[in-house]
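Q: pasting the structure only:
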């Protein structure tokens, strides 16, 4: 049966693994703002860089997160939730909106990175983190009380709390620039996912608030 999530995961794994042994492909597809600013024919790097990863750890983390939330998000976009105003768009309509969410997240999340580093000859960025963050945060909007589990933390964190902490951490690290991780892609990919979901399904925002209110009342 046609499963677009598995196809994206499989394609990303194959491209990343092949690029590790093909430096020419890696170098021609990675996000290089300096080169892109001086050659308008290289805008494709905004998208192709999302199919490359630094190593197996980077690749598996992104693909596991994408797979974990992708089914929920695609299912809601296609079939809805049954809540008022949250009707789905059908199989085809849900699919192209899902692709807009994921692939659009990869592209849009790297635009701030491009402007920040377009004069940095050595800078390069790769990975699907922006698209993964878009899908993850769409899942948080659709189901904010679903618990998210992280390594070394024995209890689940409600999605909306995790989302707030994730955004705060990504924003702080992006300003700090203390490591080699593109935290800006995480931050802007997450924002893109939230905004796009609210545009596509405005009632999801009301349902999100309703569920948060229910959660607060249950613990008071």
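A: Perfect, I can see it now. The structure displayed is predicted, hence computed values, not measured ones.
Q: Show me where the protein dips below the pLDDT cut-off.
A: Within the chain, the stretches with pLDDT under 70 are 1, 150-154, 173-181.
Q: can you map out the strands along it?
A: With DSSP state E as the criterion, the chain has strands at 147-148, 157-158.
Q: export these to a markdown table and tack on distance to residue 208 and mean neighbour count?
A: Just so you know, the C-beta spots here come from the backbone N, C-alpha and C atoms, and that holds for glycine as well. Listed next are those as a markdown table, based on distance: least, CB to CB, whole Å; neighbours: other CB atoms under 10 Å:
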| stretch | distance to residue 208 | mean neighbour count |
| --- | --- | --- |
| strand 147-148 | 15 | 16 |
| strand 157-158 | 12 | 16 |
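Q: Can you add distance to residue 201 and give these back as a markdown table?
A: Listed next are these as a markdown table, based on distance: least, CB to CB, whole Å:
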| stretch | distance to residue 201 |
| --- | --- |
| strand 147-148 | 21 |
| strand 157-158 | 21 |
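Q: Ok, which of those comes nearest residue 182?
A: strand 147-148 (21.3 Å; CB to CB).
Q: ok, that closest one: who's next to it in the sheet?
A: strand 157-158 (antiparallel) (DSSP bridges).
Q: check contacts around residue 201.
A: Shown in contact with residue 201 (CB atoms under 8 Å, 6 or more residues apart in numbering): 76-77, 85-86.
Q: helices or strands next to the longest helix along the chain in the packing?
A: In terms of residue count, the longest helix belonging to the chain (DSSP state H) is helix 90-117. The contact analysis (3 or more CB pairs under 8 Å, 6 or more residues apart in numbering; DSSP states H and E) places helix 90-117 against helix 4-20, helix 33-38, helix 45-48, helix 56-79, helix 129-142, helix 183-200.
Q: Correct me if wrong: residue 8 contacts residue 102.
A: Yes: between residue 8 and residue 102 there is a contact under CB atoms under 8 Å: 7.0 Å.
Q: out of those two, which sits in the busier spot?
A: Neighbour totals were compared for residue 8 and residue 102, and residue 102 leads with 26 against 21 (other CB atoms under 10 Å).
Q: Chain neighbours aside, what residue packs nearest to that one?
A: Leaving aside its sequence neighbours, residue 102 sits nearest to residue 131 (CB to CB, 6 or more residues apart in numbering; 4.3 Å).
Q: With residue 148 as the reference, measure out to residue 28.
A: Per CB to CB, to the nearest Å, residue 28 is found 36 Å from residue 148.
Q: do the same with residue 169
A: Distance from residue 169 to residue 148, by CB to CB: 14 Å.
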